[in-house]
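[1] Give the three-dimensional model of this entry:
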Amino acid sequence: MIRAAIIGMGTWGQNLVRSVQGKSQDITFVAGATRTRAKAEDFAKQHGIALVDSYEQILADASIDAVVLATPHSMHTAQIEQAARAGKHVFCEKPLALDSESAMAAANAAQANNIVLGVGYNWRFQPALQEVRRMIEDGRLGKVLHIEGNFCGPSAYRFPKGHWRHEGDESPAGGMTGRGVHVIDAMMYLAGPITEVTAKSFRLAQDFGSDDTTSMLLGFKSGATAYLGTVIATAETWRMQIFGSNGWVQVGDVEHLHTWDLTTCMIDKTNVTNKQKPVTHKYDAVSTERLELEDFARAISQKKALVTPQGDAVRNAKVLEAIIKSSTERRTVTIA
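    Residues are numbered from 1 along each chain as shown. Sure, this is the predicted structure:
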């Protein structure tokens, strides 16, 4: 059993704790630290978590195996480097970092100190998305040609003026850090590396905070293309549709945290004028937060690297960096 500490006990940090506490045989939370301790005391008591005053106290505690970071994006790299030097394994909420240099520094610190670093791209644990990947790998979907995605909701209205999520340095390119990076990760999981970005990002709905309307065109190393939009001043919705040379598949709904359905529509190549009806497939309910944390815990036990300098989590940061640069400089940006 991996003994973990939760760092940052806001809404999402509490969600992570709830997903495994008293349920998992792989990981449990025994301690926590947060900037607003008074707000977390009742929750910590209910879940058997010992609150301490600082991150440094957590790192000095030899009984703690790992830290789980649910902290502002700009803090991730420094916190990962601190934990790595202390010999603590790290699970970090997405994004790993806001730029490629910081992401690489975090991955290098984990590698140099022989600790496991995981990142919270929990969509990869959705049975529907795993099935789409199998359909690509075994040829059922054919060659991936194009992907369309959006991930939208009222995030701009959810947090008050002055909240860190409204700060441009914490949430560049609007909803990309809170929402869009999930879609980017899923796209790369299915279609491989992204090598080209053309993005636009604006603040249209409010007179304060980060951008609320962001859209982009993406190019993949494979030759496939994609569109992604994130609007964080509208009603909740998300969707991803993958077009292959044998048909298309789609996931999407209002609620992204539940277990997804998968809709498929395949060509009948013996009669291409015949319009096929989409078929919806349902899956047994899972908690992707629990699955990602248990995967992290097992990786520690197995001494298996999750985030590496060459891996998708670092490349995701490169894509985010390119989106910010493209939207700011109003030009297409290539990614090496």
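[2] okay, and the helix or strand of the chain with the least pLDDT?
    Counting by mean pLDDT, DSSP states H and E, the weakest-scoring helix or strand in the chain turns out to be helix 155-158, with a mean of 87.
[3] For Arg239, give me phi and psi.
    phi -160, psi 150 (degrees, to the nearest 10).
[4] Run a quick check on it versus His256, I expect a contact.
    No: look at Arg239 against His256 with C-beta atoms under 8 Å: they stay out of range, at 9.9 Å. Placement of C-beta: from N, CA and C, glycine included.
[5] Looking at these two, which one has more neighbours?
    Counting neighbours by other C-beta atoms under 10 Å for Arg239 and for His256 shows that His256 has the greater number, 21 against 16.
[6] Which helix or which strand is home to that one?
    Assigning secondary structure by DSSP states H and E places His256 outside every helix and strand.
[7] For Lys88, grab phi and psi.
    Residue torsions, per degrees, to the nearest 10, at Lys88 are phi -100, psi 140.
[8] cool, Ala233 as well?
    Torsion angles, degrees, to the nearest 10, at Ala233: phi -130, psi 50.
[9] beta partners of Cys152?
    Legend: beta-bridge partners of Cys152 under DSSP bridges are Thr237.
[10] Just the pLDDT for it.
    Looking at Cys152, its pLDDT stands at 95.
[11] Wait, it touches Gly252, no?
    No: with contact defined as C-beta under 8 Å, Cys152 does not reach Gly252; the gap is 10.9 Å.
[12] Can you check which helix is longest in this protein?
    helix 312-329 (DSSP state H).
[13] Poorly predicted segments of the stretch 101-250 of the chain, please.
    Filtered on pLDDT under 70, the stretch 101-250 of the chain yields the residue ranges 164-168.
[14] And the strands in it, which stretches?
    Assigned by DSSP state E, counting those that start in this stretch, the stretch 101-250 of the chain shows strands spanning 117-119, 144-152, 194-202, 213-220, 225-231, 237-244, 247-253.
[15] Centre of the chain to the last one, how far?
    I take that to be strand 247-253. Centroid separation for strand 247-253 versus its chain: 19 Å, with C-alpha atoms, centre = their mean, to the nearest Å.
[16] Would you mind getting the angle between that strand and strand 237-244?
    Strand 247-253 runs at 170 degrees relative to strand 237-244, counting by axes from the mean of the first three to the mean of the last three C-alpha atoms, to 10 degrees.
[17] I'd like the next helix or strand past strand 247-253.
    Immediately after strand 247-253, counting by DSSP H and E, sits strand 262-266.
[18] which neighbours does the helix or strand that comes right after that next one have in its sheet, and in what orientation?
    Note on strand 262-266: by DSSP H and E, the next helix or strand toward the C-terminus is strand 279-281. The pairing partners recorded for strand 279-281 under DSSP bridges are strand 262-266 (antiparallel).
[19] Just the buried positions in the strand it pairs with, please.
    Leu262, Thr263, Thr264, Met266 (16 or more other C-beta atoms under 10 Å).
[20] With adjacent residues omitted, what lies nearest to Gly174?
    Leaving aside its chain neighbours, Gly174 sits nearest to Asp211 (3.5 Å; criterion: C-beta to C-beta, 6 or more residues apart in numbering).
[21] Neighbours of the one you found, how many?
    24.
[22] can you check Cys92 too?
    Around Cys92 there are 29 residues (other C-beta under 10 Å).
[23] What's opposite the nearest residue to it once chain neighbours are set aside in the beta bridge?
    Leaving out its chain neighbours, the residue that sits closest to Cys92 by C-beta to C-beta, 6+ apart is Leu69, at 4.6 Å. For Leu69, the beta-bridge partners under DSSP bridges are Ile7, Cys92.
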